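> A predicted structure for the sequence below; I have some questions about it.
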Amino acid sequence: MTTQTVRGRRRATGPASEYPVAEAVMTVRPRDAHRDARRRRSLFSQVTEFAAASGVGQKAGIALAATGLVLTVTVPSTGPMTSTADTGNPAAAAVAAQPEVSAAASAKIDFNRTTVATKGDPDGKLKQLLSAQSAGTITRAASTGSLGAPLEQMVTASPFGFRVSPITGGAGEFHRGQDYAAQCGTSVFAAASGTVTFSGWHPYGGGNRVVIDHGNGLETTYNHLSSSSVQVGQKVSRGDVVALSGTTGASTGCHLHFEVMVNGEVVDPLGWL
Ligand SMILES: [Zn+2]
């Protein structure tokens, strides 16, 4: 009886208005125009927030524009801090979490990060990023350049992502990190300050491996090492020598396999270097 009454009321208030609303939402969502608009807004706010927070002002906008990530951006060099308002906005958080933002930026960013990251501004940018939010919500536009290079010379031997396996020859292997050419015995540096959470033999191919926890869900790992010079629990600073490169574990030659993990999942290290 009660159910019937409720149903009757619903129909009476207008079945014609309920369904089309749901349908309209469904048809709007997949349209590229809206997605692009959201993405642009998101990128712009990232640039302005980052610029305001880090004090680099227009330089950040210009650097991003140069990568093709943002076409035209005017960044106020002394803008007000708007992070409080933005973190309370669920829509902005949802947009920032969308993976396609980082995908759009891939591959074209090829700055030499060695000098940028290790001189003048050791850990400042990363600390500012992590103090404001969890590593999982940081976009590539903001995170790029926040980690220091793990080697003096960064020569990519094999990139992050799907590749033909150098071990099995099979296609479609997912490469969990970035391989850098390095003679065995080359100094390996901590990419940022943090605490060593692992230093030892990795049973799944990493050989001798060091893991550093940088806080807020951000970790870096260093693999195939010939030796490690740190112990679990040890605090390290950015640029400290934590190991010597090698070819231990599932490795075909001397190199460094470097991983960046966000909340336990590997991400493209180039989004952070
Ligand atoms: Zn590798």
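Ah, there it is. Numbering: from 1, shown residues only.

> State which one residue of this structure is found closest to the ion.
H257 (3.3 Å; Cβ to the ion). For the C-beta atoms, the positions are set from N, CA and C on the backbone; glycine is no exception.

> Let me know the helix or strand that the closest residue to that residue other than its chain neighbours is in.
Once flanking residues are discounted, H257 sits nearest to N223: 4.0 Å by Cβ to Cβ, 6 or more residues apart in numbering. N223 belongs to strand 218-225 when assigned by DSSP states H and E.

> Neighbouring strands - and their directions - for that strand?
In the sheet, strand 218-225 lines up against strand 207-215 (antiparallel), strand 255-262 (antiparallel) (DSSP bridges).

> what mean pLDDT does the last one have?
With pLDDT averaged residue by residue, strand 255-262 scores 97.

> Identify all contacting residues around that strand.
Defining contact as Cβ atoms under 8 Å, 6 or more residues apart in numbering, one finds that strand 255-262 is touched by 135-136, 138, 147, 150-151, 157, 176-182, 186, 188, 191, 206, 217-225, 245, 247, 251, 266-269, 271-272.

> Of these, keep whichever come out buried.
Buried members of those, counted by 16 or more other Cβ atoms under 10 Å: 135, 138, 147, 150-151, 157, 176-182, 186, 188, 191, 206, 217-225, 245, 247, 251, 266-269, 271-272.

> Tell me, how many residues neighbour the nearest residue to S226 once chain neighbours are set aside?
Take S226 and drop its neighbours on the chain: the residue closest to it by Cβ to Cβ, 6+ apart is G246, 2.9 Å away. Neighbour count for G246, taken as other Cβ atoms under 10 Å: 24.

> what's the answer for the one 10 residues further on, then?
Other residues within reach of L256, judged by other Cβ under 10 Å, total 26.

> still on that earlier bit, now, which of the buried ones among the contacts of strand 255-262 lie close to the ion?
Subset of these in contact with the ion: D179, counting by Cβ under 5 Å from the ion.

> Of the buried ones among the contacts of strand 255-262, which belong to strands?
157, 178-181, 188, 218-225, 266-267 (DSSP state E).
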